[in-house]
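Visitor: model the following, please.
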Amino acid sequence: MKKKICFMAILFAFVMQSVSVWAATQSVSPVYLYYKHTPKLDGNPKPSKSPANYSLSLSVSYNAESQQLVMQDSSSEVYTYYILNENEEVVSQGMLDFSSTDNQTVNLWAYLSGTYTLVIVHDGYTFCGTFDID
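Guide: So this is what the prediction gives:
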């Protein structure tokens with residue numbers, strides 16, 4: 001009987017640990033960046049794959065719990081970023097300097113619910129990704 005109680009207690013603790021880890025990861029979602037061509041003659045930008053021999057070492061995720069964009073880059077690069085709302089208006093912009101740290105965050109707590117576009121400019125190349133704020 002004591003073995004069953006001990007087994008059930010350990011099983012319960014394991015399940016609770018798993019649930020807490022699962023819940024913590026549900027608030028973080030990746031922001032996938034894609035290469036954006038410069039506008040064509042008709043003025044419409046065309047999304048495509050990244051140019052040959054150019055890779056972006058930046059990874060971006062949206063943390064819904066803390067309402068932040070979390071950006072990681074280990075290559076000590078400097079990026080310019082813009083955040084556009086659903087009407088394609090710039091609501092935030094700035095520089096991301098990874099020369100002294102691998103992680104940077106952008107606070108989004110003042111933003112209204114909706115779909116936003118993150119625009120990253122690096123060495124003349126433009127990358128975009130979307131994320132939703134609930």
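Visitor: compute the first-to-last residue distance for stretch 105-112.
Guide: Length of stretch 105-112, first residue to last, CA to CA, to the nearest Å: 18 Å.
Visitor: what do you get for stretch 68-76?
Guide: End residues of stretch 68-76 are separated by 21 Å (CA to CA).
Visitor: just how off-centre is it within its chain?
Guide: 9 Å (CA atoms, centre = their mean, to the nearest Å).
Visitor: so what touches it?
Guide: 28, 31, 57-63, 79, 96, 98-99, 102-108, 118, 131 (CB atoms under 8 Å, 6 or more residues apart in numbering). For glycine as for every other residue, the C-beta is placed from the backbone atoms N, C-alpha and C.
Visitor: okay, now the unreliable bits of this protein?
Guide: Within the chain, the stretches with pLDDT under 70 are 6-26, 37-54.
Visitor: need the strands for it, in chain order.
Guide: 28-31, 34-36, 47-48, 59-63, 68-72, 78-84, 90-97, 103-107, 114-122, 125-133 (DSSP state E).
Visitor: tell me which of those strands sits nearest to Lys2.
Guide: strand 28-31 (40.8 Å; CB to CB).
Visitor: thank you, goodbye.
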